[in-house]
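Asks: need coordinates for the following:
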Amino acid sequence: MSGLKLAIAAVAVLGLAACSNNRWDDMANGSGAGAGAGLGAGSLDPASPAYFQQTVGDRVLFLVDQSTLTPEAQGILQGQARWLSQNADYVVTIEGHADEQGTREYNLALGARRANAAREYLISQGVAGHRLKVVSYGKERPLEICSNEACYSKNRRAVTVLAGGLTG
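Replies: You can find the predicted model right below:
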């Protein structure tokens, strides 16, 4: 048994050694912090769906049993509207979701109200209505399966899903 522990410890030390680097060598070679292309949002194409999701934000959250947009949700949707006006080749599906409390039918209707609230706000910000469709998943597609308020709140949302190629 102690041989197994020694082998595990040796693998862990080798793994850590493989991950380490010599910061002095990196700085001398010009590859320290700030050098290179990086993987952050700054290196993403501003017209890409990944940029939209990571920088603008693709979802807004709602309070319990509500489809009214909060000021925070309105701010996110304003950013989405700006991005969509600069990237007219994209069409959007707004998915309405609810937490798992309540009946399937009620939550489908609530999800539809949430998706429509987001759609109407985007239209009020200048996005053409023909680019925006809505769908409700109610409680059928939760982000998390749970039984507490902190988790439920993540499921009460409207998600803006991009699709390229706006044609006729």
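Asks: and the pLDDT for Gly32?
Replies: Gly32 is assigned 38 on the pLDDT scale.
Asks: equivalent analysis for Thr70, please.
Replies: As predicted, Thr70 sits at a pLDDT of 98.
Asks: pretty sure it sits against Leu63.
Replies: Yes. Counting by Cβ atoms under 8 Å, Thr70 does reach Leu63; the two are 7.0 Å apart. Where you see a C-beta, it was placed from the backbone N, CA and C, and this is true even at glycine.
Asks: the bottom helix or strand of the chain by mean pLDDT?
Replies: Of all the helices and strands that make up the chain, helix 23-28 has the lowest average by mean pLDDT, DSSP states H and E, namely a mean of 35.
Asks: past that helix, which element shows up next along the chain?
Replies: helix 49-51 (DSSP states H and E).
Asks: same for the following helix or strand past that next one, what does it pack against?
Replies: Later in the chain than helix 49-51, the nearest helix or strand by DSSP H and E is strand 59-61. The helices and strands touching strand 59-61, judged by 3 or more Cβ pairs under 8 Å, 6 or more residues apart in numbering; DSSP states H and E, are helix 71-86, strand 157-163.
Asks: in this protein, where is pLDDT below threshold?
Replies: For the chain, applying pLDDT under 70 flags the ranges 1-42, 165-168.
Asks: tell me the domain boundaries of it?
Replies: The chain breaks down by automatic domain parsing into domains covering 1-36, 45-163.
Asks: got a markdown table for these, with mean neighbour count too?
Replies: Rendered in a markdown table, the data for the domains of the chain read as follows (neighbours: other Cβ atoms under 10 Å):
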| stretch | mean neighbour count |
| --- | --- |
| domain 1-36 | 9 |
| domain 45-163 | 17 |
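Asks: can you lay out the helices and strands packed on strand 59-61 as CSV showing distance to Leu143?
Replies: Formatted as CSV, those follow (distance: least, Cβ to Cβ, whole Å):
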stretch, distance to Leu143
helix 71-86, 16
strand 157-163, 8
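Asks: for those, which one sits closest to Arg59?
Replies: strand 157-163 (4.6 Å; Cβ to Cβ).
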